[in-house]
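**Q** Fold the following, please.
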Amino acid sequence: MKLLKILPVVLLLIVSGAQAAGVEVKLDRAPVDERNLVSLQRGAQVFVNYCLNCHSANYMRYNRLQDLGLTEQQIRDNLLFTDAKIGDLMKIAMDPKDSKAWFGASPPDLTVIARSRASHAGSGADWLYTYLRSFYRDASRPSGWNNAVFPNVGMPHVLWELQGEQVMKEAKVQAPGYVKTEQKLALAKPGTMTPIEYDYLVADLVNYMTYMAEPARHSRKTMGIYVLLFLGLMFVLAYMLKKEFWKDVH
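**A** Now for the predicted structure:
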C-alpha cells in the first residue's frame, strides 16, 4: 500500500526531471556572412584584442588572414602584439596550470569552436552569437558573472565594458489559460556601446570565428561547383560518344 502511495510521486518527479533536462535556451540566428571581408577584418581585430589573451587558436596562422584582404604589414601593425612572426600559429603565453587555477578550467582552444558547438538547437555560430550576448551579473559566481546559455561558466564577461552589465529578472508572461513566470535578461548598466552596436560587434566576431573554423570552406564550395559542372559536361560527351559507337547496333 505504501508503494502504491509513493509511486505517483516518484513518476511525477521522473517526468519533471526529464522535462527540465530537455529544456534548452533558444538560440538567436547569427548574421554570418563569410563573403563580407570588412566584417571578417573587424571580427579578427576583436578576436585578437579580447579573446587571444586567454584562448589560443593553435590551428590558425596569422598569415592566413591575408585571405581576408589584409597585407602582411597590416597584420603586423594591427593584429600582432607579441614577438610572434607572421607565419606563426595563434598561440598564447598563458600557462594552462595558471589558467585552471584562475578560472577553474583551462580556456579551450577556439580554432574550431564554431563547428564544435553546433547542435540540433542551432549552428555553432548561433550558439556563440547568443552566448556572447547572454552574460549577466551573479554575485554567487567567483568571477561575478554567469551566462544564460552556459550556466555557471567559469569565463568572466571580457566584453562587459562594451555591452554594459545585464541582470537576470523574473517576468510574468501571459499564456492561454494561465500566467507563467520566466527569467529574462535586462540591461542594468549601459556600456560604451548601444545594444545594437554591441550586437554588430559580436556578429563580426562570430563571423570571423566561423571563418577561422574552416578557412577553405568558400574555396572548397567553389571548387565543388566547378567539379559538378565538369562532370555534367563529361556525362553529356560520354553519352553522345556512346550513341555514336552503338548507332549501328541499335
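**Q** so how far is Leu201 from the closest residue to Pro215 other than its chain neighbours?
**A** Closest residue in space to Pro215, ignoring its immediate chain neighbours: Arg64 at 5.7 Å, by CB to CB, 6 or more residues apart in numbering. Yep, even glycine has a C-beta here, placed from its N, CA and C like the rest. Arg64 sits 22 Å away from Leu201 when distances are taken as CB to CB, to the nearest Å.
**Q** could you point out which element follows the least confident helix or strand in the chain by mean pLDDT?
**A** The weakest-scoring helix or strand in the chain, judged by mean pLDDT, DSSP states H and E, is helix 2-22 (a mean of 41). Under the assignment DSSP states H and E, the closest C-terminal helix or strand after helix 2-22 is helix 37-46.
**Q** and the helix or strand following that next one, how far from the chain's centre?
**A** For helix 37-46, the following helix or strand on the C-terminal side (DSSP H and E) is strand 57-61. In terms of CA atoms, centre = their mean, to the nearest Å, the centre of strand 57-61 is set 16 Å apart from its chain centre.
**Q** before we move on, what about stretch 161-180?
**A** 24 Å.
**Q** Residues contacting the helix or strand Asp77 falls within, please?
**A** Using DSSP H and E, the element containing Asp77 is helix 72-78. With CB atoms under 8 Å, 6 or more residues apart in numbering as the test, helix 72-78 has contacts from Gln45, Tyr62, Asn63, Leu65, Gln66, Leu70, Ile86.
**Q** Who wins on neighbours among the residues you listed?
**A** Leu65 (27 neighbours; other CB atoms under 10 Å).
**Q** which residues touch it?
**A** Ala44, Ile75, Leu79.
**Q** Columns pLDDT on top of those, output as TSV?
**A** Below are those laid out as TSV (pLDDT from 0 to 100):
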residue	pLDDT
Ala44	96
Ile75	94
Leu79	91
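**Q** of all these, which comes closest to Ala216?
**A** Ala44 (16.6 Å; CB to CB).
**Q** just checking, that closest one touches Gln66?
**A** No - with contact defined as CB atoms under 8 Å, Ala44 does not count as touching Gln66 (11.2 Å).
**Q** re earlier: of the contacts of Leu65, which is the nearest to Tyr136?
**A** Ala44 (27.5 Å).
**Q** Okay, and the residue nearest to the closest one when sequence neighbours are not counted sits in which element?
**A** Of all residues beyond its chain neighbours, the one nearest Ala44 is Tyr208 (5.0 Å), with distances taken as CB to CB, 6+ apart. Following DSSP H and E, one finds Tyr208 within helix 195-213.
**Q** Off-centre distance for that helix?
**A** With CA atoms, centre = their mean, you get 9 Å for helix 195-213.
**Q** do stretch 25-36 as well
**A** Relative to the centre of its chain, stretch 25-36 is centred 9 Å away, using CA atoms, centre = their mean.
**Q** same question, stretch 235-242
**A** Remark: stretch 235-242 is offset 46 Å from the chain centroid, using CA atoms, centre = their mean.
**Q** before we move on, what about stretch 128-137?
**A** Between the centre of stretch 128-137 and the centre of its chain there are 11 Å (CA atoms, centre = their mean).
**Q** returning to that earlier point: secondary structure and distance to Tyr239 for the contacts of helix 72-78 - can I get that in CSV?
**A** Formatted as CSV, the contacts of helix 72-78 follow (DSSP: H, G, I helix; E, B strand; the rest coil; distance: CB to CB, whole Å):
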residue, secondary structure, distance to Tyr239
Gln45, helix, 53
Tyr62, helix, 49
Asn63, helix, 46
Leu65, helix, 46
Gln66, helix, 43
Leu70, coil, 47
Ile86, coil, 51
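**Q** Appreciated, that's everything.
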